[in-house]
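> here is a sequence together with a model predicted from it:
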Amino acid sequence: AEWIAACARDLAAHRGRSIVLAGDEQSPVVHALAHALNQALGNVGKTVNYVEPVEEFAVDQIEDLRALVRDIDAGLVEMLVIVGGNPVYNAPADLRFDIDRLSKVALRIHLSLYEDETSELCQWHIPETHYLESWGDARAFDGTATIIQPLIAPLYNGKSVHEFLAAFTDRPERSSYDIVRDHWRTQNIGGAGSDFEANWRRAVHNGVVPNTARASKTVALNANFAANIPPTTPLSGNALEIVFRPDPTIYDGRFANNGWLQELPKPLTKLTWDNALLISPATAHRLGIGVASDEEQKNRNDYTLKGKEGYTEVVEVRYKGRAVRAPAWIMPGQPDDVVTLHLGYGRWRAGRVAEQVASPATPEEQSANFQNAYAIRTSDAFWADGGVEVVKTGATYKLASTQIHFNMEDREIVREGTLEEYKQDPTLRPHRDEQKQPPDPAGENRQPLEGETLYDGFDYSENESRSSRGYKWGMVIDLSTCVGCSACVVACQSENNIPVVGKEQVARSRHMHWLRIDAYFKGLKENPEGVYFMPIPCMHCENAPCEPVCPVHATVHSAEGLNDMVYNRCIGTRYCSNNCPYKVRRFNFLLYQDWNTPSLKMLRNPEVSIRSRGVMEKCTYCVQRIEAAKIESEKEGRKVRDGEILTACQAVCPTEAIVFGDLNDWNSRVAQRAREPRTYGLLADLNTRPRTTYLASVRNPNPELESRA
Ligand code: SF4
């Protein structure tokens, strides 16, 4: 109630400059309320713009599915053509598409990328082309149309949706290119009478078809809207509320066979390869779930773990006569009496990675709908509902979470503050008041002064005799804008041929990601004030502790400030990893690369070597991209321009939190950011002089709520 009152006052004070957004998964009533609030706040026409629906034929898809199921049961369906999707796995549990129902349809055809659970129950499976294998078109949220160009010819002779549907018409066979092009020929894309060929080529080149955004629309709130809102039913007794969400990495299960995404730690739990029921510390305590002994809690400071490798209790979630089993995961920040279960796990025909690597441990678990949220998700409660019961089963299950891997404890790690604090001290240093005192030269936590080092410095000036062009590469990461989405981690994995190691190896802290995103919760785990994400690549330290300990000089400082790794010198002592305070080095304990599968050879970046067993590896700042840009610039007799090199992580970051460039170039974005007062070096008190630095996180909380926290 306090939060709502403070939020309402805040919104009322910012009429016409605020926006109320309802989450995609919220009910129609909540969406209607959000629209009503925006109208009441005078936001419509200022921060909110209504347009015609993007969907060509907007229908209630659940109602459509119900009608289909009714028709199948009534024997009215002779042929069922399923275009994409996987209803046998993920249709609502009350509208199940199992063999009993599907066998009432004489002919069943399924077009999909993979032979999945639905293909298994159809007589015909048509292999679909990946969208990067065929021509297509799509619309953005505002209606703007785009033409999709293929990047590669179909690998497996698949058919696109366009080609598949065209086969049901009387017209002669056409390719998806002809179908898409012929459609846009009828749309006068450059205006009546203009040259279609030129307009088409321009649209393909620019990526958007001009003037295709939907027109703005004026809408008004129904006068008796409030009277029609159905009453909410409060939860009764000990019942819990359940929330279903798409999985942060494998989404609704369609990416379950993707090893990169299975092994990508999920932003908040840092779980890999598995699904867990998220439950708050207080609710878990009330239900007696995952409570370790006092001694264990004291030792681990984290009672979600029952052992180093993360054994957790398996619980059964009972809802409307159906049940699913999943390991319980106690999650700071999870609301009390609400459990969250992600979609996408528990598949039984999804490919080698999903079935063999990520499969549940026992047949018994498999039969209990292990981790499969779809088994209890019904059409009338798609995203949330009350009346759920969670009971312990007495079983435990091993999860592989990376949260406690590569710890950097008892130090200043995340630097953060409020806007008010930033105005008072833009450095946002911790213990800001203490640091106003003159520094104590013998003090334990004294920060080294710039240039204070036992080592000779490096010279990064332009020098013909050293073949140095005077670059000093560096990176700055803004903690204010990082949202922890982990796109950078997968981009790095793709760019640098980083292998997938599997759940067992992840549990042993052997995952190979060159970049990790650490998540930190501020405050009490029962009610954290916030969560901070910190991407950690190699810092390319100026005084790199990894370098002097290598007996074979496999890791050395380059003339441009990179901490280079020479794979064919490495003999695998791992002293460098031991000495790296940031724990960013990764060792190939086993032969993780798949050298034999032909399609995987095409997946790899030919600019980057593939490492074998016994070799240490780590972030190179995408040295192959640096070298490519240098070669181009030298051919043209100039220096590399700012922004010409984007590291893979930087290129995909949706919030542009990562900036890379030449620190010697005073005007480069990275140099400008590095000069900002809130820039700081991680573990800089060790005098490693990290080349990757961070911008402290600045939050702008509602002062009323901040003082309450
Ligand atoms: Fe070496 Fe670690 Fe520094 Fe990278 S972060 S240069 S691996 S000590």
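Perfect, I can see it now. Everything quoted here is computed from the prediction, not taken from an experiment.
> mind listing what's buried in whichever strand in the chain runs longest?
As assigned by DSSP state E, the longest strand anywhere in the chain is strand 384-398. For strand 384-398, burial by neighbour count (16 or more other C-beta atoms under 10 Å) applies to 384-390, 395, 397-398. For the C-beta atoms, the positions are set from N, CA and C on the backbone; glycine is no exception.
> export these as JSON lines, with columns for pLDDT and distance to the ligand.
Shown next, in JSON lines, are those (pLDDT from 0 to 100; distance: C-beta to the nearest ligand atom, whole Å):
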{"residue": "384", "pLDDT": "90", "distance to the ligand": "43"}
{"residue": "385", "pLDDT": "90", "distance to the ligand": "47"}
{"residue": "386", "pLDDT": "90", "distance to the ligand": "49"}
{"residue": "387", "pLDDT": "91", "distance to the ligand": "51"}
{"residue": "388", "pLDDT": "94", "distance to the ligand": "45"}
{"residue": "389", "pLDDT": "94", "distance to the ligand": "48"}
{"residue": "390", "pLDDT": "95", "distance to the ligand": "43"}
{"residue": "395", "pLDDT": "86", "distance to the ligand": "40"}
{"residue": "397", "pLDDT": "85", "distance to the ligand": "34"}
{"residue": "398", "pLDDT": "85", "distance to the ligand": "30"}
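> sorry, back to before: strands paired with the longest strand of the chain, and their directions?
Its sheet considered, strand 384-398 pairs with strand 240-245 (antiparallel), strand 311-319 (antiparallel) by DSSP bridges.
> show residues contacting the following helix or strand past it.
Using DSSP states H and E, the helix or strand that follows strand 384-398 towards the C-terminus is strand 400-401. Strand 400-401 is contacted by residues 265, 269-274, 309-310, 503-504, 506-507 when judged by C-beta atoms under 8 Å, 6 or more residues apart in numbering.
> and the nearest residue to residue 403 once chain neighbours are set aside, how many neighbours does it have?
Sequence neighbours aside, residue 270 is the residue nearest to residue 403 in space, at 3.9 Å (criterion: C-beta to C-beta, 6 or more residues apart in numbering). Close neighbours of residue 270, defined as other C-beta atoms under 10 Å, add up to 18.
> OK, contacts around residue 270?
Contacts of residue 270 (C-beta under 8 Å, 6+ apart): 401-403, 519.
> so which of those residues is the closest to residue 174?
Of all those, the one sitting nearest residue 174 is residue 402; the distance, using C-beta to C-beta, is 48.8 Å.
> would you confirm that the closest one contacts residue 267?
No - using C-beta atoms under 8 Å, residue 402 makes no contact with residue 267, being 11.4 Å away.
> of the two, which one has the most company?
For residue 402 versus residue 267, the count of surrounding residues by other C-beta under 10 Å is larger for residue 402: 24 against 16.
> ok, now how distant is the more buried one from residue 618?
Distance, residue 402 to residue 618, using C-beta to C-beta, to the nearest Å: 16 Å.
> what of residue 113?
34 Å.
> who has more neighbours, the two?
The neighbour comparison of residue 113 against residue 618 (other C-beta under 10 Å) goes to residue 618, with 23 against 17.
> does that one really touch residue 536, like I thought?
No - the criterion here is C-beta under 8 Å, and residue 618 misses it with residue 536 at 11.0 Å.
> show me where this protein dips below the pLDDT cut-off.
Applying pLDDT under 70 to the chain flags the ranges 233-238, 291-310, 357-368, 431-452, 466-467, 707-709.
> which residues of it lie near the ligand?
538-541, 544-546, 563, 580, 582, 584-585, 618, 688 (C-beta under 6 Å from any ligand atom).
> okay, the residues you listed in TSV with secondary structure and distance to residue 496 next?
Formatted as TSV, the residues of the chain next to the ligand follow (DSSP: H, G, I helix; E, B strand; the rest coil; distance: C-beta to C-beta, whole Å):
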residue	secondary structure	distance to residue 496
538	coil	12
539	coil	17
540	coil	15
541	coil	20
544	coil	19
545	coil	23
546	coil	18
563	strand	15
580	coil	18
582	coil	18
584	coil	13
585	coil	14
618	coil	10
688	coil	23
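> what's around residue 408, how many residues?
Burial of residue 408 is recorded as 15 neighbouring residues (other C-beta under 10 Å).
> likewise for residue 580?
For residue 580, the tally of surrounding residues (other C-beta under 10 Å) stands at 22.
> state the distance from residue 471 to the ligand.
In this structure, residue 471 and the ligand are 17 Å apart, going by C-beta to the nearest ligand atom, to the nearest Å.
> any quick PyMOL command for the buried ones out of the residues of the chain next to the ligand?
Selection of buried members from the residues of the chain next to the ligand for PyMOL, criterion 16+ other C-beta under 10 Å:
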select buried, resi 538+539+540+541+544+545+546+563+580+582+584+585+618+688
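> tell me the one of the residues of the chain next to the ligand nearest residue 65?
residue 584 (47.8 Å).
> quick one, what contacts that closest one?
406, 514, 516, 536-539, 618-619.
> out of the residues you listed, who's nearest residue 132?
residue 514 (24.9 Å).
> which non-adjacent residue is nearest the closest one?
Leaving out its chain neighbours, the residue that sits closest to residue 514 by C-beta to C-beta, 6+ apart is residue 619, at 4.3 Å.
> residues near the one you found, how many?
Residues lying near residue 619 (other C-beta under 10 Å) number 26.
> please enumerate the strands of the stretch 501-650 of the chain.
Ranges of strands in the stretch 501-650 of the chain, per DSSP state E, counting those that start in this stretch, are 516-522, 530-536, 555-557, 563-565, 586-587, 616-617.
> mind checking these for the one nearest to residue 698?
Closest approach to residue 698 among these is made by strand 530-536 (11.5 Å; C-beta to C-beta).
> parallel or antiparallel, list what pairs with the closest one.
According to DSSP bridges, strand 530-536 has the following sheet partners: strand 516-522 (antiparallel).
> quick one: buried residues of stretch 251-271?
By neighbour count on 16+ other C-beta under 10 Å, the buried set for stretch 251-271 is 252-271.
> again, but for stretch 199-214
For stretch 199-214, the neighbour count (16+ other C-beta under 10 Å) marks 199-200, 203-204, 209, 212-214 as buried.
> can you check stretch 145-153 too?
Neighbour-count burial for stretch 145-153 flags 145-148, 150 (criterion: 16+ other C-beta under 10 Å).
> list the contacts for the residue nearest the centre of the chain?
The residue lying closest to the centre of the chain (C-alpha atoms, centre = their mean) is residue 485, at 3.6 Å. The neighbourhood of residue 485, defined by C-beta under 8 Å, 6+ apart, consists of 267, 654.
> could you do residue 519 as well?
267-268, 270, 403, 484, 531-534.
> could those residues go into a markdown table alongside distance to residue 122?
Shown next, in a markdown table, are the contacts of residue 519 (distance: C-beta to C-beta, whole Å):
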| residue | distance to residue 122 |
| --- | --- |
| 267 | 36 |
| 268 | 38 |
| 270 | 38 |
| 403 | 41 |
| 484 | 39 |
| 531 | 44 |
| 532 | 48 |
| 533 | 43 |
| 534 | 47 |
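> wait, residue 633 sits on residue 644?
Yes - between residue 633 and residue 644 there is a contact under C-beta under 8 Å: 7.4 Å.
> for residue 582, which non-adjacent residue is spatially closest?
residue 539 (5.6 Å).
> same question, residue 107
Counting by C-beta to C-beta, 6+ apart, residue 107 lies nearest to residue 79, which is 4.3 Å off, once chain neighbours are set aside.
> next, count neighbours for that neighbour.
Residues near residue 79, counting by other C-beta under 10 Å: 9.
> next one: residue 613
Quick note: residue 613 (other C-beta under 10 Å) scores 12 neighbours.
> and residue 671, by the same measure?
Using other C-beta under 10 Å, residue 671 has 19 neighbouring residues.
> equivalent analysis for the one 4 residues further on, please.
Applying other C-beta under 10 Å, we find 11 other residues in the vicinity of residue 675.
> residue 690 contacts residue 537, doesn't it?
No - counting by C-beta under 8 Å, residue 690 stays clear of residue 537, with 10.3 Å between them.
> how near is the closest residue to residue 506 other than its chain neighbours to residue 501?
Of all residues not flanking residue 506 in the chain, residue 400 sits nearest, at 4.2 Å (C-beta to C-beta, 6+ apart). Note on residue 400: its distance to residue 501, by C-beta to C-beta, is 10 Å.
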